[in-house]
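Trainee: Just to be clear, the model below is a prediction. Sequence and coordinates:
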Amino acid sequence: MEDLDQAGFDYRCDDAPMPLIEQGIRWLAYFHARFLQTNTQSLWPVGTYWHLSTRPDEWHKMRTGPLKDKAQAIDERLNQCQFQTLVHGDAKLANFCFDLEKHDLAAVDFQYVGGGCGIKDVVYFLGSCLDDDGLHQHAASLLDEYFVHLKQAIIHYGATVDFYALESQWRDLYSFAWADFERFLLGWATEHYKLNSYSKAQTNIALTAF
């Protein structure tokens with residue numbers, strides 16, 4: 001155990017400026033690259049706290065509709081991704097502690113770490129940092145930045161993986177990750193602020209694939 005305040009990571013925020021969001025994106029990229037194709041035998045087989053198999057009650061509470069009907073197919077599309085890593089599973093802004101002097105950060109709350117495609121963490125992080133307008137304005141460029149860092153991190157760790165195939169697959173799963181989290185919210189908190197027009201648009205993109 002380490003006291004992150006004593007280590008210099010003593011800044012937390014609820015409304016991060018873009019440089020701190022970019023630091024979070026970089027951290028996720030290096031975390032995912034470090035644990036590509038890791039055996040999850042001693043961890044959760046599927047990371048994150050909202051995946052379908054752990055949320056049957058929320059699924060039952062959803063109104064009947066296309067997202068409820070396709071929830072299982074969306075879950076399978078994410079879980080059967082060829083390129084698996086470890087996901088943090090709760091990579092929200094509140095779980096990052098920043099060292100403003102060194103332009104660095106540390107993460108906390110690893111109880112939901114498990115297997116999955118890294119794009120799930122990216123989607124969840126963006127939704128915790130940006131409101132609806134911010135997502136429409138910045139999500140695409142931050143996604144591009146994530147993959148720039150991911151490529152650098154894969155080289156840094158010497159991972160043997162086809163980066164371009166991985167990027168293509170994870171980009172294709174971007175809308176499915178949004179739809180998956182929206183499914184959880186619609187059964188858990190129908191008035192949640194994260195249920196916005198950007199999330200809805202991404203969910204609709206995923207649903208058109210079926």
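Mentor: Alright, I've got the coordinates.

Trainee: From here on, just use CA atoms for contacts and neighbour counts.
Mentor: Will do.

Trainee: Need the residue closest to the centroid of the chain.
Mentor: Nearest residue to the geometric centre of the chain (C-alpha atoms, centre = their mean): D121, 1.5 Å.

Trainee: check contacts around that one.
Mentor: L28, V87, H88, G89, D90, A91 (C-alpha atoms under 8 Å, 6 or more residues apart in numbering).

Trainee: With distance to R12 and secondary structure added, can I get these in JSON lines?
Mentor: Formatted as JSON lines, the contacts of D121 follow (distance: C-alpha to C-alpha, whole Å; DSSP: H, G, I helix; E, B strand; the rest coil):
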{"residue": "L28", "distance to R12": "17", "secondary structure": "helix"}
{"residue": "V87", "distance to R12": "21", "secondary structure": "strand"}
{"residue": "H88", "distance to R12": "18", "secondary structure": "coil"}
{"residue": "G89", "distance to R12": "19", "secondary structure": "coil"}
{"residue": "D90", "distance to R12": "16", "secondary structure": "coil"}
{"residue": "A91", "distance to R12": "14", "secondary structure": "coil"}
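
Trainee: What is the nearest of those to T190?
Mentor: D90 (19.8 Å; C-alpha to C-alpha).

Trainee: returning to that earlier point: hang on, the residue nearest to the centre of the chain in a helix?
Mentor: Yes - counting by DSSP: H, G, I helix; E, B strand; the rest coil, D121 is part of a helix.

Trainee: Closest one to L36 out of the contacts of D121, please.
Mentor: Distances from L36 to the contacts of D121, taken by C-alpha to C-alpha, are shortest for V87, at 9.8 Å.

Trainee: Now do the contacts for that closest one.
Mentor: Here V87 is in contact with H32, G47, T48, V113, G114, G115, G116, C117, G118, K120, D121 (criterion: C-alpha under 8 Å, 6+ apart).

Trainee: Any figure for the gap between it and F31?
Mentor: From V87 over to F31 the distance is 8 Å, taken as C-alpha to C-alpha, to the nearest Å.

Trainee: so S128 is in which element?
Mentor: S128 is located in helix 119-129, with elements delineated by DSSP states H and E.

Trainee: now stretch 100-115, how far from the centre of its chain.
Mentor: 13 Å (C-alpha atoms, centre = their mean, to the nearest Å).

Trainee: quick one, the helix ranked longest in the chain and helix 119-129 angle?
Mentor: Ranked by number of residues, the top helix in the chain under DSSP state H is helix 132-157. Helix 132-157 runs at 140 degrees relative to helix 119-129, counting by axes from the mean of the first three to the mean of the last three C-alpha atoms, to 10 degrees.
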